[in-house]
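Got a predicted model here, sequence first, then my questions.
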Amino acid sequence: MEKRKRTVPAVIVIFGGTGDLAKRKLIPALYNLYLDGRMPQNFQIIGLGRTDLENSAYREKLFNDLSVFSRSGVPSLEEWEGFACRLYYFRSSIESFDSYSGLEEKIEAAEIGFGERSDRIFYLSVAPRFIAKVTENIKLAGLADGLDHDRIIIEKPFGHTKTSAVELNELLTSSFSEKQIYRIDHYLGKETVQNILSLRFANALFEPLWNAEYIESVDITVAEKIGVEGRGSYFEAAGALKDMIQNHLLQILSMVAMESPDIIEAEHIRDRKVELLKAIRRIPVEEVREFVVRGRYGSGTIDGKDVVGYLEEDGVHQDSITETYVALNFFIDNPRWAGVPFFLRTGKRLLEKSSSVKVNFRNQAEGPFRDIYGGDQLPNRLLINLQPGTDIRLRLNAKKPGVNTGLRTAEMIFDFGADNQYSPEAYETLISDMLAGDPSLFMRADQVNEAWDVIMPVLDAWSQGSDDLLVYTAGIAPEELIIPHTYRTDIDELTSRCLQIT
Ligand SMILES: NC(=O)C1=CN([C@@H]2O[C@H](COP(=O)(O)OP(=O)(O)OC[C@H]3O[C@@H](n4cnc5c(N)ncnc54)[C@H](OP(=O)(O)O)[C@@H]3O)[C@@H](O)[C@H]2O)C=CC1
Ligand SMILES: O=C1O[C@H](COP(=O)(O)O)[C@@H](O)[C@H](O)[C@H]1O
């Protein structure tokens, strides 16, 4: 790991400094960057919320949160004190313009201590409905100037439809330049997701085969064990399609399927991703039920413990039609992928946490081994485990040992974690890049808009009725969940999938 002390001071204002994301991801990421010597020499963090807290109580709360959520475990008192003395709380309402002059005083006080103007970073870790108001107030109060050193970070979901995302982008770009806006998709900060591009484009092995001639289908799965974890009211308005597919899974799909960028540089990569998103065939609204399946978890058992169904979660309406599982079958209309089904699925309250990409190569049953192929032999498959496992497994057919011509399947395994001693959390990578002014791993406006365009027909179809919403038992294995009937393939475990949704 390269350690660099940044020389320009920074004030980081976290709108939503008392929220779930701040406690579980943002503060741990900032603390670990501090431990790793990757924060600026001078910095201050100002957490903002309505909760009544003194600085000391805020620090104490974050110490307790860090102890639970940080990859570095319980902070040592010495290291914590070095960090905590740069941590402040500002109680205020983000909707009231008056509170922004108080915030300005806090920022300026920090800058007086630094002896110079700092980079001012505004992290909007608040519900999407606040984003327009907060950015407007930051601008009106003159907290940020038009130069690149002041930045605004926007959490997902970015908008709630394509139209609202376009409007939000227009509003943001009327106050800030594109270089100042960092739209987060934390999956892009994951090492294993970034490695998809290295695997594809730094190896002569895969790229010549990475097309419809050799690949039969691609599965992208993000399975979660957790439920909505107290975020019921947020999830009610989102659902798995907007919460996961519109952003994380479409970004993974873009990296798996995009054309090669000329060089590994932000704009080149983003251009190729946008082209890919544009090439995804839009599912006609009247065909959505054939290509998309949705479900909601009922009660069940996970790790031997009973868990409640989605409808019993706090903040969820009794007549909710929100989906916690979705599976879609996409096609990509370009020469590379003609006719290859891409199958994306994600769900909460499944048997285990497991995210992967499976690239299923075509069957070689017609080759010279045709008489002995079959039985235990399976087509080649590249399995890219993204989390929590972080390995890449290439399934091969090899000679059976002994005096015969038989075949057996074998696996070549590369364990991404084994040689990777420094393994930052996604938010560490993203915050560090943002502090350095590097937008490569952030979403450009046109990427966000295209991703919405891909899912809009599904939202439109779902707005017409919900009798296709199925209920599954919490704790079920993802393979046992129903998939769109358009997704047909002969390959191994998919054939054993059965309908378990009741
Ligand atoms: N939590 C997660 O795992 C993830 C969250 N996100 C996104 O991050 C953002 C934040 O989510 P999350 O932390 O879960 O949300 P929470 O509901 O946990 O937190 C909301 C925060 O906003 C503050 N807030 C709400 N209203 C006001 C107001 N009027 N004035 C001042 N502060 C206010 C709350 O402060 P207080 O309660 O003190 O008033 C609290 O700090 C959302 O956009 C979400 O979609 C994205 C990915 C994952
Ligand atoms: O953005 C989100 O992601 C998490 C899953 O993130 P992971 O890094 O743990 O895979 C998901 O639980 C949450 O609902 C969603 O908003």
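Great, that's in hand. Ligands and ions are numbered 1, 2, ... in the order given.

who's in contact with whichever residue of the chain sits closest to ligand 1?
For the chain and ligand 1, the shortest gap (C-beta to the nearest ligand atom) falls at G19, measuring 2.4 Å. All C-beta spots, glycine's among them, are computed from the backbone N, C-alpha and C. Counting by C-beta atoms under 8 Å, 6 or more residues apart in numbering, G19 makes contact with 49, 125-126.

can you rerun that using 6 Å?
G19 makes contact with S125, according to C-beta atoms under 6 Å, 6 or more residues apart in numbering.

now R381
Listed by C-beta under 6 Å, 6+ apart, the contact partners of R381 are 360, 395.

what bridges to it?
N360, R395 (DSSP bridges).

Also the one 10 residues further on?
Going by DSSP bridges, D391 is paired in beta bridges with D415.

Dead centre of the protein: give me the residue that sits there.
Central residue of the chain (C-alpha atoms, centre = their mean): Y187, 3.2 Å from the mean position.

How much space separates that residue from N385?
Per C-beta to C-beta, to the nearest Å, Y187 is found 14 Å from N385.

Y214 now?
According to C-beta to C-beta, Y214 stands 21 Å off from N385.

for L350, same thing?
Taking C-beta to C-beta, one finds L350 at 16 Å from N385.

of those two, who's got more company?
Taking neighbours as other C-beta atoms under 10 Å, L350 and N385 compare with L350 leading, 29 against 20.

quick check, stretch 76-90 touching ligand 1?
No. Counting by C-beta under 6 Å from any ligand atom, ligand 1 is not contacted by stretch 76-90; separation bottoms out at 9.6 Å.

Could you list the buried residues of that stretch?
For stretch 76-90, the neighbour count (16 or more other C-beta atoms under 10 Å) marks 80, 83-84, 86-90 as buried.

Now F442. Nearest residue, chain neighbours left out?
Residue nearest to F442 in three dimensions, not counting chain neighbours: Y182, with 4.7 Å by C-beta to C-beta, 6 or more residues apart in numbering.

now the helix or strand in which that neighbour is found: mean pLDDT?
For Y182, the element it lies in under DSSP states H and E is strand 181-183. Strand 181-183 comes out with an average pLDDT of 96.

Flag every buried residue along the least confident helix or strand in the chain by mean pLDDT.
Of all helical and strand segments in the chain, the minimum by mean pLDDT, DSSP states H and E falls on strand 407-415, at a mean of 90. For strand 407-415, the neighbour count (16+ other C-beta under 10 Å) marks L407 as buried.

can you give me how far it is from the chain middle?
29 Å (C-alpha atoms, centre = their mean, to the nearest Å).

And the contacts of that strand?
377-378, 391-398, 400.

which among those end up buried?
Buried among those (16+ other C-beta under 10 Å): 377-378, 391-395, 397.

which one of the residues you listed sits closest to Y487?
Nearest to Y487 among the buried ones among the contacts of strand 407-415, counting by C-beta to C-beta, is L378 at 18.3 Å.

For L396, see how far away that closest one is.
From L378 to L396 the distance is 10 Å (C-beta to C-beta).

same check, this time on R50
According to C-beta to C-beta, R50 and L396 sit 58 Å apart.

and if you look at N360?
From N360 across to L396, the span is 14 Å (C-beta to C-beta).

again with I181
45 Å.

my read: S355 touches V222, true?
Yes. If you go by C-beta atoms under 6 Å, S355 and V222 touch, sitting 4.4 Å apart.

which residues of this structure fall in helices?
Applying DSSP state H to the chain gives helices spanning 20-21, 27-35, 55-69, 77-84, 99-114, 131-140, 162-175, 191-201, 232-240, 250-257, 266-279, 288-291, 426-435, 445-462.

could those helices be laid out in JSON lines, adding distance to H317 and mean pLDDT?
Listed next are the helices of the chain as JSON lines, based on distance: least, C-beta to C-beta, whole Å; pLDDT from 0 to 100:
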{"stretch": "helix 20-21", "distance to H317": "20", "mean pLDDT": "93"}
{"stretch": "helix 27-35", "distance to H317": "31", "mean pLDDT": "97"}
{"stretch": "helix 55-69", "distance to H317": "29", "mean pLDDT": "96"}
{"stretch": "helix 77-84", "distance to H317": "40", "mean pLDDT": "95"}
{"stretch": "helix 99-114", "distance to H317": "32", "mean pLDDT": "96"}
{"stretch": "helix 131-140", "distance to H317": "24", "mean pLDDT": "93"}
{"stretch": "helix 162-175", "distance to H317": "21", "mean pLDDT": "93"}
{"stretch": "helix 191-201", "distance to H317": "34", "mean pLDDT": "95"}
{"stretch": "helix 232-240", "distance to H317": "6", "mean pLDDT": "94"}
{"stretch": "helix 250-257", "distance to H317": "27", "mean pLDDT": "98"}
{"stretch": "helix 266-279", "distance to H317": "32", "mean pLDDT": "96"}
{"stretch": "helix 288-291", "distance to H317": "23", "mean pLDDT": "95"}
{"stretch": "helix 426-435", "distance to H317": "31", "mean pLDDT": "96"}
{"stretch": "helix 445-462", "distance to H317": "16", "mean pLDDT": "98"}
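
Show me which residues of the protein are close to ligand 1?
So the chain meets ligand 1 at 16-21, 49-51, 93-95, 125-128, 155-157, 231, 234 (C-beta under 6 Å from any ligand atom).

residues in contact with V222?
Listed by C-beta under 6 Å, 6+ apart, the contact set of V222 reads 346, 355.

What is the longest strand seen in the chain packed up against?
For the chain, the longest strand by residue count, based on DSSP state E, is strand 292-302. Judged by 3 or more C-beta pairs under 6 Å, 6 or more residues apart in numbering; DSSP states H and E, the packing partners of strand 292-302 are strand 325-330, strand 469-474.

so M443 bridges to which residues?
Assigned bridge partners for M443, using DSSP bridges, are R183.

Isn't it up against I184?
No. Between M443 and I184 there is no contact under C-beta under 6 Å: 7.5 Å.

Pull out the buried residues from stretch 231-240.
231-232, 235-236, 238-240.

what's the burial count for L205?
L205: 12 neighbours (other C-beta under 10 Å).

now swap in Y214 and tell me
14.

Please report how far the closest residue to T51 other than its chain neighbours lies from A445.
Among residues not flanking T51 along the chain, T18 sits closest, at 4.7 Å (C-beta to C-beta, 6+ apart). Here T18 is placed at a distance of 29 Å from A445 (C-beta to C-beta).

and if you look at A426?
Distance, A426 to A445, by C-beta to C-beta: 21 Å.

check contacts around the residue nearest to the centre of the chain.
193, 248, 251.

Now for the closest residue to L103 other than its chain neighbours: which residues touch it?
Excluding the flanking residues, the one nearest L103 by C-beta to C-beta, 6+ apart is F90, at 6.1 Å. F90 makes contacts with 46, 48, 106, as judged by C-beta under 6 Å, 6+ apart.

quick one on the thing from earlier: redo the helices of the chain as CSV? Include distance to V316.
Putting the helices of the chain into CSV (distance: least, C-beta to C-beta, whole Å) gives the following:
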stretch, distance to V316
helix 20-21, 16
helix 27-35, 28
helix 55-69, 24
helix 77-84, 36
helix 99-114, 32
helix 131-140, 24
helix 162-175, 23
helix 191-201, 30
helix 232-240, 4
helix 250-257, 26
helix 266-279, 31
helix 288-291, 24
helix 426-435, 27
helix 445-462, 17
